[in-house]
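> Coordinates only, no sequence provided:
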């Protein structure tokens, strides 16, 4: 069994999609869902599924990122994951945190990277008058949203789209893409996949 820990900051819809996919003959199982926000509703859902959870409130560290990351690493390392998945985890992690998971850490990002790293991706796509938007799953490296892309899914930008309507359609594709990439990644397949 390949052990997977998932980091979230909110409702964890991508976490739910990943957990739901890790059934039957899937090579992975979830061993921990952790968050930087103790009130994240995704933690409640995960606990209801019988999954181990942990919360380390980043606000308690007063901007001391190193101390926050050290505290967050404790439950993660205790769970001994083989793969770490970021699923709506809204904290930028330092190279020191990323290091122990080099080659074992995935993130999903709501744009067609390497366009629009960071935040407000859907609004930025609309302002650029893009005809397509989408999401990407990539390996995590020290540079923000810059790691090798393992999969992308595209959606058309429609007339009258707002950031919210576009985000909702992209989210549907995120829930398709991330589980497929995780399974392939766990099996050692690093070649990129693209979903329409």
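Looks like it came in fine. No experiment lies behind these values; they were computed from the predicted model shown.

> Find the residue at the geometric middle of the chain.
For the chain, residue 87 is the residue whose C-alpha lies nearest the centre (CA atoms, centre = their mean; 2.5 Å).

> In this model residue 7 seems to touch that residue, though I could be wrong.
Yes. Judged on CB atoms under 8 Å, residue 87 makes contact with residue 7 at a distance of 6.8 Å. C-beta here means a position set from N, CA and C on the backbone, and glycine is covered the same way.

> didn't residue 193 look like it was pressed against residue 184?
Yes. Judged on CB under 8 Å, residue 193 makes contact with residue 184 at a distance of 6.9 Å.

> shared neighbours, those two?
150-151 (CB atoms under 8 Å, 6 or more residues apart in numbering).

> still on that earlier bit, for the residue nearest to the centre of the chain, give its distance to residue 176.
Taking CB to CB, to the nearest Å as the measure, residue 87 falls 14 Å from residue 176.

> Need the distance between the two termini of stretch 34-51.
10 Å (CA to CA, to the nearest Å).

> do the same with stretch 177-196
10 Å.

> now that stretch, how far from the chain's geometric center?
Mean-position distance between stretch 177-196 and its chain equals 14 Å (CA atoms, centre = their mean, to the nearest Å).

> How many residues are close by the closest residue to residue 193 other than its chain neighbours?
The shortest distance from residue 193 to any non-neighbouring residue, by CB to CB, 6 or more residues apart in numbering, is to residue 151 (4.5 Å). Look at residue 151: counted by other CB atoms under 10 Å, it has 23 neighbours.

> What of the one 5 residues further on?
Burial measure for residue 156: 13 neighbouring residues, criterion other CB under 10 Å.

> Look up how far residue 33 lies from it.
33 Å.

> Contacts for the longest helix along the chain next, please.
Longest helix of the chain, by residue count under DSSP state H: helix 163-186. For helix 163-186, the external contacting residues (CB under 8 Å, 6+ apart) are 2, 4, 13-14, 17-18, 20-21, 26-28, 82-83, 85, 87, 106, 108, 110, 120, 122-123, 125-126, 133-135, 137, 150-155, 157-158, 190, 193, 195.

> taking those one by one, which sit in strands?
Mapping the contacts of helix 163-186 onto strands (DSSP state E) picks out 2, 4, 28, 83, 85, 106, 108, 133-135, 137, 150-155, 193, 195.

> Return the distance of the lowest-mean-pLDDT helix or strand in the chain from the chain's centre.
Ranking every helix and strand in the chain by mean pLDDT, DSSP states H and E puts helix 95-98 at the bottom, with a mean of 90. Relative to its parent chain, helix 95-98 has a centroid offset of 16 Å by CA atoms, centre = their mean.

> List the buried residues of that helix.
The neighbour-count check on helix 95-98 (16 or more other CB atoms under 10 Å) flags 97-98 as buried.

> How many residues are close by residue 88?
21.

> one step back: so which bits of the longest helix of the chain are buried?
166-167, 169-170, 173-175, 177-186.

> what's the answer for stretch 20-40, then?
21-22, 28, 30-37, 40.
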